Structure formats: C-alpha cells, structure tokens
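# My questions concern the predicted model and sequence given below.
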Amino acid sequence: MKTIKYSLILVIIILFTTNCGDKFLNRQDLYDFVDQNFYKTPDQISSALTAAYSELPGIGGSSDFTLMSNILSDDCFDGGSANGDLYVHDLDQFTNHPNNYADIWSEYYKGINRSNAIIKNFSRATYTNVADQNQALGEAYFLRSYFYFCLARLFGNVPLITTPDAVNLPKASADALFGQIASDMSTAISDMKPLPITSLSDSSLGHATKWAAEGMMARIFLFYTGYYNKTLVSLPNGGTITKAQVISWVDDCVANSGHSLIPDFRNQWPYADKALASLYAYNKKNNLSWVGDLGMTDSTKESMFVIKYSVFGGWNLPSRVSYSNQLDLYTSMPEQPKVLPFGQGWGWGSANPLLLQSFEAGDSIRRKGSIIDITDPDEGNCATKYVWGENNCNNETGYWDKKYTSLQFKNGQSIYSLIYPSAPNLSNNQLYNLQDEVLLRFADVLLMGAELGSANAKSYLDMVRARVGLPSVPVTLDNIKRERRNELAFEGVRYWDLLRWHDVETAFAAVNSANIPVKSNNVSSTYSCTYRPETGGFLPIPETQIAISGGVLKQNPGW
C-alpha cells in the first residue's frame, strides 16, 4: 500500500509516495489525486492520519519542540560543542542565523496541510461506526490545533491556513490564530470518544483522545489569556471559550478519563527499569520499576499524549532518524561512554544549578528523579568516570536531564546503548532510543486545573505534592509556579509558563546575577544569557519562508 504524505511550505505542495519518491506537483495534479483516489475509506483516513502524526517530531533532533523549549528556558543552558553546534548557542542566547528554524516551520506546516486535507475530504469516507468516524475527524482537528499552537508559541503570529490549497498568506492576528486553535480543539473534544483509557486498545497508543484534548485546551487557554492579557478566547464562528468552560473540561478529564498519577514519580522514566538495578545504585536503592515495561494499562495512566518511537530508524532518508527519540540523543551527556548507566549523546541542555536549588528541602524524589548530578555517588559511576571537557562541551554545569537521556549497560566486555534493557542488541545510540516523548501528563492537567481556579483546586495541587511526600500548601499562584517548575522540569513547558506569566525577564535576570560556574572546552567561566525583550520571546521567521512568500511574510519584531 502506498503511504501518502503532503507537505506545505507556504506556496509549495509536495506529494511523497514511498514507491515513487518526491514529486513536485501543481495544484490540479494534487486535487485530481485526492478527489479520485483517496479519503474514501476508513483505512485511507487512518493512513492519512498516520502521515499527519508523523510530523509531530519534525525531523527530530534540533527541531524537536520539547528540546527547543527547554533550551529557550532558564532551566537549561545550551551545551553542545563549544566550537560547533551554532544552532543551539543561537537558541540559548537569542541570536540568529537566517534559517535556524526552517525545519520545524516547514515540518509543522506539513502536519497542518495533512490535517487540512483530511478535514476537507473527510465527508467522502463511508464509516459503518459513527463513533469511529467522529473519533477520526476529531483527531484531525486535534492535530491541526496542536501544530498551530506550537507554531504560535515559537513564532508568534504565523499564517493561518485551513485548506490544503497552495496559498500565500500574511501573518494572522493572535486573536484569529488562537480563535482557530481553540475552535479546533473544542471540536476535537466534542467529536472524540468519551471512553476511559482502560477501555482503549493497544492500537490507539499515540493517538489523541478526548481527555488529551481537554487537557491541551487548558494549556492553550492559559497561554493565550496570560501572554495576551485576555479573559476569554473569541472563536471564528462568533462563540467564545471562557475560563468556566475550560475548568469544566479539566474537571471532566480528572473525573472520567481513567488517567491518574503513577504512585512513584520516578517510575515514569526509563532509568527506573529493573534491568538497570545491578549497576545503578539509585534504581536499586529505591526499588524502582519503569511503567514502560508494564504494558499499556500502566504506561498510559499518567501519560496522556505522547510521540511513539520505533526501531525503524535509519540513514537512507533524513526523516527516518526521527523514528527514534532524538530528544534522548541530543540531551544525553556528551561522549561519555564509560559513565554507566547513562549513554552518550550531544550534550545539549546542561541543567541550571538554580533549578536544583528551587526544589523544597523535602522534595528529593523529584530533584534526584529529574536531574543527574555527576558528583552524586548514587548516579552510577559518574563521580569517578565523568570527564569534564572530554567533548569540548559548552557551558557544562555538571547537571543533566535524567528524564530524557539515553541509557546503557555492560554486557561482558562491551557497553551497549539501551533502548530497552530487554533488547540490548539494537545498540546504535543515534537510532535506537525508543522512549516515548510525553507531550502532556496528567500531573500537568491537575496543576492547570488548580491554576484556573477549579472548585477542586486544592485537591488537585495536593495530589501532585502528596505523590512525592510533600505537605499541603495554599493554592496561590506562587506555589503553583514553583510546583510546575519542579514537577515538569525538562518537559518543554517552563519557557511558555514564563512567557504567559510575564516572568521571563525576571527569570533570566536571576540567572545572570547568580554568577553560575560553567566549563566550556574545559575552561572555567560563568554563564550569562542575552534575552532580548524586544522579540516578545518569539523566534525569527526563517528567511527562506520570507523569500518564498515574496515579502508577504514580514520578519518578527527584534530580528
């Protein structure tokens, strides 16, 4: 069967088929193909949805949304090669080369175009099951909303395209853009099945659900109303989304989704796998057991929307690298092959020591469960084997992301990269990290419900804190801010929280005044960041897109 992929880069539409290669087609060719041969059966709709989902990781690596979000935040410094990796240095320091962000722009517009094509042609498909029909259409709306939400956070105002036509549009206003984002997510909530996750089959893993849509709507609402100082979202059809409506969706998700908190915070991440206990003191001491090895019922309790990865990574097509978890590769410690159980990677996103200091005294579960401290004797053999400057890394702090890191274990005289401990023979650390990339967790939904002012706000906040042995605290914005930073560290939400709270300048001022010691090329110095408020916190539009548009697109302020 052919796999159909559609790609939109403003005015160019590409049709890719696995047995024909890339073809540049005019608009009439594309429509002839769509109208005559596709979107007629549930299986064809499913294939089209798969093509849209495949754009979630972009091309992987440097265009991964979570990675970019972490580097932009105050919790991560750039890392990477001090003499190379200019992209990550630019991202960290708010500087720019003309096409730094062209990949994520074009990949997300591919996802949007694929979603647009499904939505436009969906009525051609004949379903025998109305619930399945509504679910499929709801997923298309969810994906279009999600792709636009990511673009709107990264670049601010972007062109709003809701058909698969080859068009050349200027930027939409924030009100129009978020109106469409919220409208699409609201449609997804209405359309998708209200089944608890315990009723879902393995084949639905990685697909959007009604509950993920309700949680994502809270994230959309909080960012738009916070950053743009609004009280509600105006929809393109004349309706509105209010805070009360969003709270009702969050409460519905908590009460009816079947999602819950994993009893041990640490068991959400692969370092908790029991196969590592023999060489990882922290794992053994705490009797950890990774939910990823326990089947769907356990692994989806807290993870609400994830990117699934596979063993099909390879080099013959650029996009195939992104079949594996490139976030793990990029954020793993730089070229440290003997530091067990942690694997090697490119060393991006060294952790800010101020993040460690932000944890309460009694919050060692999340602090040690989120951050690798190379001086800690519980962290494998880091304290004796980690070598500063071995890879000429930039701005090393000695602290690394533990949630997303490649892992390895010793088998005889060899050291293998780890995808899962049960499959050590797939040992290429660039291709075979299979950990899910979690885009939304139940803990985040609870904290957003508390921040929005649900009648259950205290219960929601207490649930997140009690899980890690912390006492109840008042439901204040300051307490919620700290809770979100500590609970969701390295999960790609911190920077957007800072922007919507209008705290980003204060956060970077705190970093710059702290004289944080770092090593670059094994030379000691102190870290500083050049955040520029004139950008509004957004990235520059890639110059290639401005050129393709013939100047219809205008560069963002400050760039």
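Here it is on my side, so go on.

# does the residue most central in space within the chain belong to a helix or a strand, and which?
A centroid search over the chain (C-alpha atoms, centre = their mean) returns T66, at 3.8 Å, as the residue closest to the centre. Using DSSP states H and E, T66 maps to helix 65-72.

# returning to what we had before: and the residue nearest to the residue nearest to the centre of the chain when sequence neighbours are not counted, what pLDDT?
Closest residue to T66 apart from its sequence neighbours, by C-beta to C-beta, 6 or more residues apart in numbering: G492 at 3.6 Å. In this view, the C-beta of every residue, glycine as well, is placed from N, C-alpha and C. pLDDT for G492: 98.

# again, but for the one 4 residues further on
At W496, the model reports a pLDDT of 98.

# Just confirm it contacts F223, I think it does.
Yes. Counting by C-beta atoms under 8 Å, W496 touches F223, with 5.9 Å between them.

# what residues do the two have in common as contacts?
Common contacts of W496 and F223, defined by C-beta atoms under 8 Å, 6 or more residues apart in numbering, comprise R153.

# what about the stretch 301-450 of the chain, any weak spots by pLDDT?
316-320, 337, 389-390, 410-427 (pLDDT under 70).

# for the chain, that is, sorry about that
Low-confidence segments of the chain (pLDDT under 70): 1-36, 294-298, 316-320, 337, 389-390, 410-427.

# buried ones in the host helix or strand of I104?
Counting by DSSP H and E, the element that carries I104 is helix 102-121. If you call a residue buried by 16 or more other C-beta atoms under 10 Å, then helix 102-121 has these buried ones: 102-121.

# Can you spell out which helices and strands pack onto the helix or strand hosting L355?
Using DSSP H and E, L355 sits in helix 353-358. For helix 353-358, the packing partners by 3 or more C-beta pairs under 8 Å, 6 or more residues apart in numbering; DSSP states H and E come out as strand 371-373, strand 399-401, helix 477-487.

# Mean neighbour count and distance to D202 for these - can I get that in JSON lines?
JSON lines is the format used below for the helices and strands packed on helix 353-358 (neighbours: other C-beta atoms under 10 Å; distance: least, C-beta to C-beta, whole Å):
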{"stretch": "strand 371-373", "mean neighbour count": "22", "distance to D202": "32"}
{"stretch": "strand 399-401", "mean neighbour count": "26", "distance to D202": "29"}
{"stretch": "helix 477-487", "mean neighbour count": "18", "distance to D202": "28"}
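
# okay, those in TSV with distance to Y141 next?
Output for the helices and strands packed on helix 353-358, formatted as TSV (distance: least, C-beta to C-beta, whole Å):
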stretch	distance to Y141
strand 371-373	37
strand 399-401	32
helix 477-487	27
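
# where along the stretch 401-550 of the chain do the helices fall?
Applying DSSP state H, counting those that start in this stretch to the stretch 401-550 of the chain gives helices spanning 442-452, 457-467, 477-487, 494-501, 504-513, 543-548.

# scratch that, the stretch 151-300 of the chain
Using DSSP H, counting those that start in this stretch, helices in the stretch 151-300 of the chain cover 174-191, 210-227, 243-256, 281-285, 296-299.

# for the ones you listed, which one sits closest to T535?
helix 210-227 (13.2 Å; C-beta to C-beta).

# quick one, phi psi at P334?
phi -70, psi 110 (degrees, to the nearest 10).

# give the contact list for it.
By C-beta under 8 Å, 6+ apart, P334 lies in contact with G79, G80, S81, Q344, G345, W346, G347, E390, N391, C393, E396.

# Can you tell me the number of residues neighbouring the residue nearest to it when sequence neighbours are not counted?
Nearest residue to P334, sequence neighbours excluded (C-beta to C-beta, 6+ apart): G347, at 2.9 Å. By the criterion of other C-beta atoms under 10 Å, G347 has 28 neighbours.

# List the residues that contact G347.
Applying C-beta under 8 Å, 6+ apart, one finds that G347 lies in contact with G79, G80, S81, S332, M333, P334, E335, N391, C393, E396.

# Please repeat the previous calculation with a cut-off of 6 Å.
Contacts for G347 (C-beta atoms under 6 Å, 6 or more residues apart in numbering) come out as G79, G80, P334, C393.

# looking at the residues you listed, which has the most residues close by?
Within the contacts of G347, most neighbours by other C-beta under 10 Å means G79, with 31 neighbours.

# Verify the contact between that one and W348 for me.
Yes. In this structure, G79 is within contact of W348 by C-beta atoms under 6 Å, at 4.6 Å.

# sorry, back to before: out of the contacts of P334, which comes closest to D90?
G80 (10.8 Å).

# May I have the phi/psi pair for the residue nearest to P334?
As for G347, its main-chain torsions (degrees, to the nearest 10) stand at phi 70, psi 30.

# Distance-wise, check it relative to F409.
Counting by C-beta to C-beta, to the nearest Å, the gap from G347 to F409 is 21 Å.

# likewise S350?
24 Å.

# Looking at these two, which is more packed in?
For S350 and F409, the more surrounded residue by other C-beta under 10 Å is S350, and the numbers stand at 26 against 21.

# Surely the more buried one and G398 touch.
No. Checked against C-beta under 6 Å, the pair S350 and G398 is beyond contact range at 7.9 Å.

# tally of neighbours for P542?
Quick note: P542 (other C-beta under 10 Å) scores 24 neighbours.

# If we ignore the residues flanking it in sequence, what's nearest it?
The shortest distance from P542 to any non-neighbouring residue, by C-beta to C-beta, 6+ apart, is to A102 (3.9 Å).

# Look up how far L205 lies from the one you found.
Distance of A102 to L205, given as C-beta to C-beta: 31 Å.

# want to try CSV for the contacts of G347, with distance to A48 as columns?
Supplementary listing: the contacts of G347 in CSV, determined by distance: C-beta to C-beta, whole Å:
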residue, distance to A48
G79, 38
G80, 37
P334, 40
C393, 42
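
# Nearest to N433 among the residues you listed?
P334 (15.7 Å).

# Dig out what that closest one forms beta bridges with.
Beta-bridge partners recorded for P334 (DSSP bridges): G345.

# For M304, see how far away it is.
Distance from P334 to M304, counting by C-beta to C-beta: 32 Å.

# that older thread, mind checking the backbone torsions on the residue nearest to T66?
Dihedral angles of G492 (phi, psi; degrees, to the nearest 10) stand at phi 80, psi 20.

# circling back to that earlier point, pipe the contacts of P334 into JSON lines and attach distance to A182 per row.
Formatted as JSON lines, those follow (distance: C-beta to C-beta, whole Å):
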{"residue": "G79", "distance to A182": "36"}
{"residue": "G80", "distance to A182": "36"}
{"residue": "S81", "distance to A182": "41"}
{"residue": "Q344", "distance to A182": "42"}
{"residue": "G345", "distance to A182": "37"}
{"residue": "W346", "distance to A182": "36"}
{"residue": "G347", "distance to A182": "38"}
{"residue": "E390", "distance to A182": "48"}
{"residue": "N391", "distance to A182": "44"}
{"residue": "C393", "distance to A182": "41"}
{"residue": "E396", "distance to A182": "41"}
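
# re the thing from before, what helices or strands is the helix holding T66 leaning on?
Applying 3 or more C-beta pairs under 6 Å, 6 or more residues apart in numbering; DSSP states H and E, we find helix 65-72 packed against helix 326-331.
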